[in-house]
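>>> sequence plus predicted model, see below.
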Amino acid sequence: MIGQLDRVIYFYQRDDVRDDFGGLSEQFIEYSRCFANVSKKPVSDDNTEISGKQTAERNINFIIRYRTDLNEDMIVKFDDELGTKYYKILSINEMTSKRRRGFIEIEAVKYDLDINII
């Protein structure tokens, strides 16, 4: 599996920042990056509502080495042959072997909204 972790992905942590007028602005700050195995799922006919807007679902799975510092509030940036895309994490699942923790699988859906990346 280690040799199949051949794509770089970036994790971004959400940070709500108050502007000069007292309003909150959602920003995403780069948290970390790592190598991953990436497998795309077919586009579904279903639509999902994210932050009040309809978006077509495009699922993707990332397999990375085991770590405990990630959560479902983060987003993932992945550069593929069509350009940079952002994904909202749906779930983080441990892939256990008989003897030790080795990898985790992250299921995510394409994040179609405009986001403020720092």
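On my side now, so go ahead.

>>> A strand includes Arg33, no?
Yes - assessed with DSSP: H, G, I helix; E, B strand; the rest coil, Arg33 lies in a strand.

>>> who's it bridged to?
Tyr10 (DSSP bridges).

>>> who touches it in this structure?
Shown in contact with Arg33 (Cβ atoms under 8 Å, 6 or more residues apart in numbering): 8-11. Yep, even glycine has a C-beta here, placed from its N, CA and C like the rest.

>>> now Tyr86
With contact set as Cβ under 8 Å, 6+ apart, Tyr86 has these partners: 12, 75-78, 110-111, 115.

>>> strands along this protein, start to end?
In the chain, the strands defined using DSSP state E lie at 7-18, 24-40, 47-50, 53-56, 59-65, 75-80, 83-96, 101-110, 116-117.

>>> okay, those strands in CSV with mean pLDDT next?
Below are the strands of the chain laid out as CSV (pLDDT from 0 to 100):
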stretch, mean pLDDT
strand 7-18, 93
strand 24-40, 92
strand 47-50, 55
strand 53-56, 55
strand 59-65, 95
strand 75-80, 93
strand 83-96, 92
strand 101-110, 92
strand 116-117, 76
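
>>> contact partners for the residue in the chain sticking out farthest from the centre?
Distance from the C-alpha centroid of the chain peaks at Phe21, with 30.9 Å (Cα atoms, centre = their mean). For Phe21, no contacting residues are found, by Cβ under 8 Å, 6+ apart.

>>> same thing with Ser32?
Listed by Cβ under 8 Å, 6+ apart, the contact set of Ser32 reads 10-11, 69.

>>> and Asn116, by the same measure?
Applying Cβ under 8 Å, 6+ apart, we find Asn116 in contact with 25-28.

>>> okay then, goodbye and thanks.
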